[in-house]
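J.: With the sequence up front, the predicted model follows.
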Amino acid sequence: MIPAAFEYHAPSTIGEATALLARLGEDAKVLSGGQSLIPLMKLRLANPAHLVDINGIPGLAYLREADGFLRIGGLTRESELEESELVRTRYPLLHDTSKVIADPLVRNLATVGGNLAHGDPANDHPATMLALGAEVVAVGPKGERRLPIASFFTGPFATSLKPDEILVEIRVPLPPARSGGAYLKLERKVGDFATAAVAVQLTLSAGGTCDQVGIGLTNVGLTPIKATKAEAALKGKAPDEATIKRAAELAAEASEPAADLRGSVEYKKDLVRVLTARALRKAVERARAGR
Amino acid sequence: MLVKLSINGEKREADVEPRLLLVHLIREVLRLTGTHIGCDTTHCGACTILMDGRPVKSCTVFAVQAHGKQLMTVEGLEQDGKLHPLQEGFMAEHGLQCGYCTPGMLMTSYAFLKKHPAPTEDDIRWAISGNLCRCTGYVNIVKSVQYAAAKIRG
C-alpha cells in the first residue's frame, strides 16, 4: 500500500516546526513515531498534503522527575518507558501500560505523546493519563499552554491541541506515599487494540482509606472515559470488596462500548466491570506494598 | 529528496519521493531483497530491520526518515562467509519452514540478544511477539534463539 504524495518537512527546532504548522494549516500533520499515522496514510484514511517530522528536534525524548512531576518528553518512545527503572519502580500503571501497547517492534518507534495526540479512544495511554491526572504541555507559535488531560479528548480522534501546536511534554503528578496503580487489558492477540482495558491509580491514607482515585477506560466509547462516579464511590472509603464491587459496577455503567468483532455491548460492559475490580485490587495491593 | 544512510556498514544514497516506504527503498532501490514484505499493515514483522540498533517495522517508516541513520538488514548478519549464530541456530533447530518470517525473526532476535544475552523462554517469546510465524508454532524458533544465545555466550 502506497500513501498519497505529500511534502516532507524536517524542522530542527520547535519554533521552526510550529511556524511550519501555522503556515500550512489543516493540510499538515505532525509525524512523531508514525505508528498510527503511517498505517492510516497507507490505507488512505489520512491524506495530509504536508508532514512535519519532529523526530529531528533534539531534546524532546526524556523521562525525569522534576518540580513535582514525572516529565515525559513528547518524543519519548514507548520502549523507553517500558525499559525505565524509574517507571517500573515508581509508576506501575505506566509500566503495565507500556508493556501492552501494540508490540515490541512498534514500541521502538511509537511515542507516548503520539499515543495521546492521536486522540484514538482505542489507544492505551489516554486512559492511563486520565487515571493519573496528568497534564499535557503544548507549544504553538503563540507560546506554551498546559492542558489538563480530563478535557483533552474532545471527540473521536480529536483533542484540544490546535493544528499549529505540538505536544512537547506530559506531566504526571509525583505519586504520594502509599500510591499504586495497575492497567489491565484484554486483547485478542499481541498488537491488537483492547477489547476493553482499565487503568487505575490510587493513593491510600495512613488509615487505609482511598485518598485519591483515578479510573480511566480504554476503547469502550467514542473518547477515552474517566469513570468519575466509580472514583467517587471509592473516595474516602476503605477499598474493601463491597466498595470495589460497587465501583466496578459504576465503571461498567460509565462505559459506552459499540458491538464489533471483539464482542457485544453486554460482553464489553461486563468486561469493564471485571477488569475494574481486578485493577483496583492490584492497585491497592501495590499501594500497600509501597509502590 | 536525497536520502543518505548506512546499510550493513556500507554508505548508500538515493533520490526518493517522500512517500516511499523504507522497505521499498531497501528492496527495490538498494536491491537488498532479504527483507520481506508480509502484511504491509504493521502486524507481521517480516519487514523488521534495525535502525540505529533498534528493530523496527520498515513498512511503517518513510525512507526519508532513515536519512543519516545506520540500518542493518538480514544481509548484514553473515560475516566473512560465516553465518551468524542465529542463522546457524535457525538451521540446526529447524526454526523455519517456509522462511517468510525468518528475516524479521532474525533481526528482532539479533537486537534482543544484544540486550539479553541469557534470556528465559518467556523473555524470547515476549521479544518475538511482534513477529508472526504461521508455520512453526514458534517452538523451534524459540529453540533456535536459545541455541544462538548459548553459542554467543560461548
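T.: That came through, no problem.
J.: check contacts around the closest residue to residue B:44 other than its chain neighbours.
T.: Nearest residue to residue B:44, sequence neighbours excluded (CB to CB, 6 or more residues apart in numbering or on different chains): residue B:38, at 3.8 Å. (Glycine included, C-beta is placed from N, CA and C.) For residue B:38, the contact set (CB atoms under 8 Å, 6 or more residues apart in numbering or on different chains) comprises B:44, B:45, B:46, B:47, B:100, B:101, B:104, B:132.
J.: Adding secondary structure, pLDDT and neighbour count, write those out as CSV.
T.: Conversion of the contacts of residue B:38 to CSV gives the following (DSSP: H, G, I helix; E, B strand; the rest coil; pLDDT from 0 to 100; neighbours: other CB atoms under 10 Å in any protein chain shown):
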residue, secondary structure, pLDDT, neighbour count
B:44, coil, 97, 23
B:45, coil, 98, 30
B:46, coil, 98, 24
B:47, coil, 98, 29
B:100, coil, 98, 18
B:101, coil, 98, 27
B:104, helix, 98, 28
B:132, coil, 97, 21
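J.: and the gap between residue A:191 and chain B?
T.: Residue A:191 sits at a distance of 6 Å from chain B (criterion: CB to the nearest CB, to the nearest Å).
J.: Among the contacts of residue B:38, find me the one that's closest to residue A:108.
T.: Among those, residue B:45 lies closest to residue A:108 (CB to CB), at 11.6 Å.
J.: Could you report the neighbour count for residue 97?
T.: Since no chain was named, I'll use chain A. For residue A:97, the number of neighbouring residues by other CB atoms under 10 Å in any protein chain shown comes to 30.
J.: my bad, the chain I had in mind was chain B
T.: 14.
J.: wait, isn't it in contact with residue B:138?
T.: No - the pair residue B:97 / residue B:138 is not scored as a contact, 11.7 Å apart, by CB atoms under 8 Å.
J.: who touches residue A:193 in this structure?
T.: Residue A:193 neighbours (CB under 8 Å, 6+ apart): A:122, A:187, A:219, A:262.
J.: Shouldn't the residue nearest to residue B:44 be within a strand?
T.: No - under DSSP: H, G, I helix; E, B strand; the rest coil, residue B:38 sits outside any strand and is assigned coil.
J.: could you check the distance from it over to residue A:40?
T.: 19 Å (CB to CB, to the nearest Å).
J.: One more: residue A:235?
T.: For residue A:235, the distance to residue A:40 - CB to CB - is 39 Å.
J.: what do you get for residue A:112?
T.: From residue A:112 across to residue A:40, the span is 19 Å (CB to CB).
J.: who's more crowded, the two?
T.: residue A:112 (30 against 18).
J.: which one is whatever residue of chain B ends up closest to chain A nearest to, not counting chain neighbours?
T.: Nearest residue of chain B to chain A: residue B:130, at 3.0 Å (CB to the nearest CB). Distances taken as CB to CB, 6+ apart put residue A:103 closest to residue B:130, at 3.0 Å, once the chain neighbours are dropped.
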